[in-house]
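Undergrad: Quick one: sequence and predicted model below, then my questions.
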Amino acid sequence: GLVKDESTPVEAGPDACRKACCNDENCEVWQFNALFACYRGKSDVCIKDMDSFTAGSLGERLRGATVASSPLMWYGKMTTYTELVDLDPAASEPREEVIQGVGGENYRLWRNGSVLQVDVSCWSFERHPEWCCPWDGPPRRKCWGKADHLRDHCCKAGMSPDGNYLYNVYARLTPYLAPAEQVYFNQILPEEKIDEALFTSSRLHWASGHHPSDFCPSTAAMVDGQRAVIDGSVVLWPLAMLLAAHIKITGTFVNIGAGTCLHPDPLYQLLASREGSGFLGLAVEADSARLQRCEDEMAQTFATVVPVSMTLNPIDAARQLRPYVAPMFPNEQTPWPLDFLVVDLDGCDCLVAEGLMDLVRPKVLMLEIAFHFPPPFRFSAHWDVKRSHSWNAEYDVDQLNPSSGCSLSYAIHKFKPFGYHLLRLTHTDAVFVHESVRPSIESGLGLQLPQDEFLCYRRSTLWVQLPGRYVREWFYAAHPSLALSQIWSNITELNKQMGRDDAPFTLDF
């Protein structure tokens with residue numbers, strides 16, 4: 001909702017951006033970034049985002065929103081939300097969340113187990129140093145009630161030596177919270193206790209696999225105190241080397257939704273390496289500009305990559321691709337023994353992959369997964385014969401759609417009859433291997449299939465497009481029925497926000 005202020009150059013800095021907003025009675029929020037300059041106005045989104053504009057930005061709410069129904073505001077379009085979340089709460093402790101109050105103040109909540117600390121930003125549009133700090137006599141306002149040491153802290157630490165406001169300075173509010181406020185903040189960042197006996201019972205009842213594995217989760221190891229997440233672009237290259245050492249591979253692939261074919265595309269590392277020499281496959285992409293970039297880049301690799309400009313649909317996917325795949329398997333019967341099938345469509349991914357099973361039977365299948373729908377929920381977007389063509393025409397790779405794709409449990413359920421087992425997760429994808437290569441995989445990696453997807457999911461750090469606390473609440477629910485209607489309501493609301501009312505989808509468990 002914010003609009004770029006063309007009259008405030010980036011060289012003027014954040015103070016000029018703030019001043020411009022302050023002087024404009026219709027301006028509620030300003031946000032400044034050294035790369036993007038000054039944006040200000042009335043925001044319609046106030047939510048976490050992984051957009052590059054967010055990184056390194058300064059901002060402030062100077063005036064209250066028109067309507068405020070609660071002491072704190074959490075609002076916006078969920079189609080802009082992304083988060084990397086540890087599915088096991090214990091793995092992400094301590095947790096921190098910053099939310100905004102109606103007075104322009106920020107509340108920083110910090111939790112470690114049962115301990116919750118609440119800090120409040122020193123300044124807001126109701127609380128400024130010139131009103132609150134007694135530099136030339138008594139303050140004009142009693143900004144912190146009787147908590148004089150909060151005033152002393154903010155007046156001392158909240159200003160830089162050259163007299164500028166410091167917007168990231170907080171004061172500890174926890175000792176001064178009323179009982180109702182304590183309850184409210186505990187609801188915002190609740191203590192997440194897991195009933196392990198209940199979780200184990202649910203897992204044993206609903207899980208498709210039953211072998212625990214340290215290889216399956218997306219989280220690899222601790223690096224500099226942080227849990228490192230498996231990079232999806234480095235998964236298929238070592239897998240190709242493992243298979244080639246044990247069995248005869250065909251050196252073939254189909255990459256659907258290939259984009260530019262560059263990192264972090266799952267096949268890039270393999271095709272750009274010397275081990276990719278002799279590989280032959282398709283890069284299928286609907287965006288002509290991105291496909292041209294892919295063609296240019298892949299021409300410099302050791303592999304042969306055939307660009308295919310096409311929008312696939314689950315009804316006709318096999319028929320659409322047959323003329324392009326057939327030359328790779330002369331004189332062979334379908335389903336053809338493809339090595340790698342990668343699908344990343346931001347649409348009906350599982351349905352397209354399923355439709356291709358009559359045409360190819362890949363040894364390795366890699367799918368983008370809607371990880372915000374946890375096991376055992378089986379979710380998939382569906383193809384709408386009348387409207388999906390227009391939705392595809394409007395597709396923007398930079399616009400998120402949380403109600404697209406399919407969930408992990410849906411993919412496991414859908415591809416099990418074709419002989420596929422879950423091998424591992426990345427933060428965005430799931431990798432499956434075919435039963436025909438199971439002996440090579442189990443001996444080469446020292447694991448047993450099928451793996452327990454509940455434990456794999458719980459031990460992972462995953463990219464989700466809904467708040468992590470929602471996802472964990474659904475995952476650890478005592479019974480899936482308790483969360484089904486909540487997930488259903490989120491999907492239908494997301495579809496409305498995307499302008500896709502009544503878009504078809506599957507949801508069960």
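TA: Looks like it came in fine.
Undergrad: remind me which residues of the stretch 301-450 of the chain are low pLDDT?
TA: 398 (pLDDT under 70).
Undergrad: What ranges does it have for its strands?
TA: If DSSP state E, counting those that start in this stretch is used as the criterion, the strands of the stretch 301-450 of the chain fall at 304-309, 340-343, 364-368, 378-381, 420-425, 429-434.
Undergrad: can you put the ones you listed in JSON lines and add distance to Ala283 and mean neighbour count?
TA: The C-beta positions use only the backbone N, C-alpha and C, and glycine is treated the same way. Below are the strands of the stretch 301-450 of the chain laid out as JSON lines (distance: least, Cβ to Cβ, whole Å; neighbours: other Cβ atoms under 10 Å):
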{"stretch": "strand 304-309", "distance to Ala283": "5", "mean neighbour count": "18"}
{"stretch": "strand 340-343", "distance to Ala283": "10", "mean neighbour count": "26"}
{"stretch": "strand 364-368", "distance to Ala283": "14", "mean neighbour count": "25"}
{"stretch": "strand 378-381", "distance to Ala283": "23", "mean neighbour count": "24"}
{"stretch": "strand 420-425", "distance to Ala283": "23", "mean neighbour count": "25"}
{"stretch": "strand 429-434", "distance to Ala283": "17", "mean neighbour count": "23"}
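Undergrad: closest to Phe215 out of those strands?
TA: With Cβ to Cβ as the criterion, Phe215 lies closest to strand 420-425 of the strands of the stretch 301-450 of the chain, at 5.9 Å.
Undergrad: In its sheet, which strands sit next to the closest one, and in what direction?
TA: Note on strand 420-425: by DSSP bridges, its sheet partners are strand 429-434 (antiparallel).
Undergrad: got a list of contacts for the partner strand?
TA: 232, 235-236, 239, 266, 344, 361-369, 408, 411, 415, 418-425, 441, 449 (Cβ atoms under 8 Å, 6 or more residues apart in numbering).
Undergrad: I'd like the strands of the stretch 301-450 of the chain as a markdown table, with distance to His246 appended.
TA: Output for the strands of the stretch 301-450 of the chain, formatted as a markdown table (distance: least, Cβ to Cβ, whole Å):
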| stretch | distance to His246 |
| --- | --- |
| strand 304-309 | 24 |
| strand 340-343 | 16 |
| strand 364-368 | 13 |
| strand 378-381 | 33 |
| strand 420-425 | 15 |
| strand 429-434 | 12 |
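Undergrad: Those: which one's closest to Gln187?
TA: Among these, strand 378-381 comes nearest to Gln187, with 26.6 Å by Cβ to Cβ.
Undergrad: what's the closest one packed up against?
TA: Here strand 378-381 touches helix 408-415, strand 505-508, going by 3 or more Cβ pairs under 8 Å, 6 or more residues apart in numbering; DSSP states H and E.
Undergrad: Run through who's touching that strand.
TA: Residues outside strand 378-381 that contact it (Cβ under 8 Å, 6+ apart) are 347-348, 350-351, 370, 373, 403-407, 409-410, 413-414, 487, 491, 503-509.
Undergrad: swap in stretch 390-397?
TA: With contacts defined as Cβ under 8 Å, 6+ apart, stretch 390-397 is touched by Gly259, Ala286, Asp287, Arg290, Thr311, Asp346, Gly347, Asp384, Arg500.
Undergrad: Now, of those residues, which are buried?
TA: The neighbour count (16 or more other Cβ atoms under 10 Å) marks Gly259, Ala286, Asp287, Arg290, Thr311, Asp346, Gly347, Asp384, Arg500 as buried among the contacts of stretch 390-397.
Undergrad: so where does Leu291 fall, helix or strand?
TA: helix 288-298 (DSSP states H and E).
Undergrad: Between strand 304-309 and that helix, find me the angle.
TA: Per axes from the mean of the first three to the mean of the last three Cα atoms, to 10 degrees, the angle that helix 288-298 makes with strand 304-309 is 180 degrees.
Undergrad: got the buried residues for helix 288-298?
TA: Buried residues in helix 288-298, counted by 16+ other Cβ under 10 Å: Arg290, Leu291, Arg293, Cys294, Glu295, Glu297, Met298.
Undergrad: model confidence over it, on average?
TA: Average pLDDT, helix 288-298: 96.
Undergrad: what about it, distance to the chain center?
TA: A distance of 26 Å separates the centroid of the chain from that of helix 288-298, by Cα atoms, centre = their mean, to the nearest Å.
Undergrad: just checking, what packs against it?
TA: Judged by 3+ Cβ pairs under 8 Å, 6+ apart, helix 288-298 is in contact with strand 280-285, strand 304-309.
Undergrad: Pull the contacting residues for Val254.
TA: Contacts of Val254 (Cβ under 8 Å, 6+ apart): Gly281, Leu282, Val284, Leu321, Val325, Leu338, Phe340, Leu341, Val342, Leu356, Val360, Pro362.
Undergrad: gap between the first one and Ala244?
TA: Here Gly281 is placed at a distance of 15 Å from Ala244 (Cβ to Cβ, to the nearest Å).
Undergrad: Tell me which of those two has more neighbours.
TA: Remark: of Gly281 and Ala244, Gly281 carries more neighbours, 28 against 14, as counted by other Cβ atoms under 10 Å.
Undergrad: mind listing the helices for the stretch 401-509 of the chain?
TA: For the stretch 401-509 of the chain, the helices defined by DSSP state H, counting those that start in this stretch cover 408-415, 438-445, 453-458, 468-475, 481-497.
Undergrad: Of those, which is nearest Pro179?
TA: Closest of the helices of the stretch 401-509 of the chain to Pro179 is helix 468-475, at 22.7 Å (criterion: Cβ to Cβ).
Undergrad: Could I have the CA atoms of that closest one written out in CSV?
TA: Extracted in CSV, the C-alpha atoms of helix 468-475 (Å, rounded to 0.1, in the frame of the first residue of the first chain):
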residue,chain,number,x,y,z
GLY,A,468,4.7,-21.3,11.4
ARG,A,469,2.6,-21.3,14.6
TYR,A,470,-0.4,-22.2,12.5
VAL,A,471,1.5,-25.1,10.8
ARG,A,472,2.8,-26.5,14.1
GLU,A,473,-0.7,-26.2,15.7
TRP,A,474,-2.1,-28.3,12.8
PHE,A,475,0.8,-30.8,12.9
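Undergrad: Out of the contacts of strand 378-381, which end up buried?
TA: Using 16+ other Cβ under 10 Å as the burial test, those include 347-348, 350-351, 370, 373, 403-407, 409-410, 413-414, 487, 491, 503, 505, 507, 509 as buried.
Undergrad: Surely Glu126 is in contact with Gly104?
TA: Yes: using Cβ atoms under 8 Å, Glu126 is in contact with Gly104, at 6.9 Å.
Undergrad: For the two, indicate the residue with more neighbours.
TA: Gly104 (20 against 17).
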